[in-house]
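# Got a predicted structure plus its sequence, pasted below:
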Amino acid sequence: MKLHRFENISLFYTKAKDYLLNDEALHNLQLGICNNLINNPEIYKIKPYLAAVEQNGKIIAVAMMTPVHKLLLSKIKD
């Protein structure tokens, strides 16, 4: 298992989008935040925390935090 942290939203979205879109109804908040970060990065004064957990080459979890909000976790696969 490996944790990948991202500074760049485009790289994060490229890595995590298929996982998030696989259960779009559950991950709609995270997808919306990604959209805001890509199209309106000036909204957030502090850099967001963006991370994905990978196992055997596949994403099994995604985590995001846009300050002042709390950590937002995706559905986590076993």
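Sure thing, it's come through. This structure is a prediction, so every number in the text was calculated from the model and none was measured.

# Could you check how far the strand or helix carrying residue 35 is from the centre of its chain?
Per DSSP states H and E, residue 35 falls inside helix 28-39. Computed by CA atoms, centre = their mean, to the nearest Å, the separation of helix 28-39 from the middle of its chain amounts to 9 Å.

# Packing partners of it?
Where contact means 3 or more CB pairs under 8 Å, 6 or more residues apart in numbering; DSSP states H and E, helix 28-39 is packed against helix 9-22, strand 58-65, strand 72-73. Placement of C-beta: from N, CA and C, glycine included.

# right, and the helix or strand after it?
Helix 28-39 is succeeded, C-terminally, by strand 49-55 (DSSP H and E).

# And for that following strand, what's in contact with it?
1-7, 9, 12, 15-16, 19, 59-65, 71, 76 (CB atoms under 8 Å, 6 or more residues apart in numbering).

# redo that, cut-off 7 Å
Applying CB atoms under 7 Å, 6 or more residues apart in numbering, the contact partners of strand 49-55 are 1-6, 9, 12, 15-16, 59-65.

# And for stretch 16-28?
The contact list for stretch 16-28 (CB under 7 Å, 6+ apart) reads 30, 31, 52, 59, 62, 74, 75.

# Any idea what residue 5 is bridged to?
Beta-bridge partners for residue 5, by DSSP bridges, are residue 51.

# How far off centre is stretch 48-59?
Counting by CA atoms, centre = their mean, stretch 48-59 comes out at 9 Å from the chain centroid.

# what mean pLDDT would you report for it?
For stretch 48-59, the mean per-residue pLDDT is 96.

# Could you check how many residues crowd around residue 66?
Using other CB atoms under 10 Å, residue 66 has 18 neighbouring residues.

# still on that earlier bit, between the helices and strands packed on helix 28-39, which one is closest to residue 43.
helix 9-22 (11.8 Å; CB to CB).

# so the closest one versus strand 49-55, what angle?
60 degrees (axes from the mean of the first three to the mean of the last three CA atoms, to 10 degrees).
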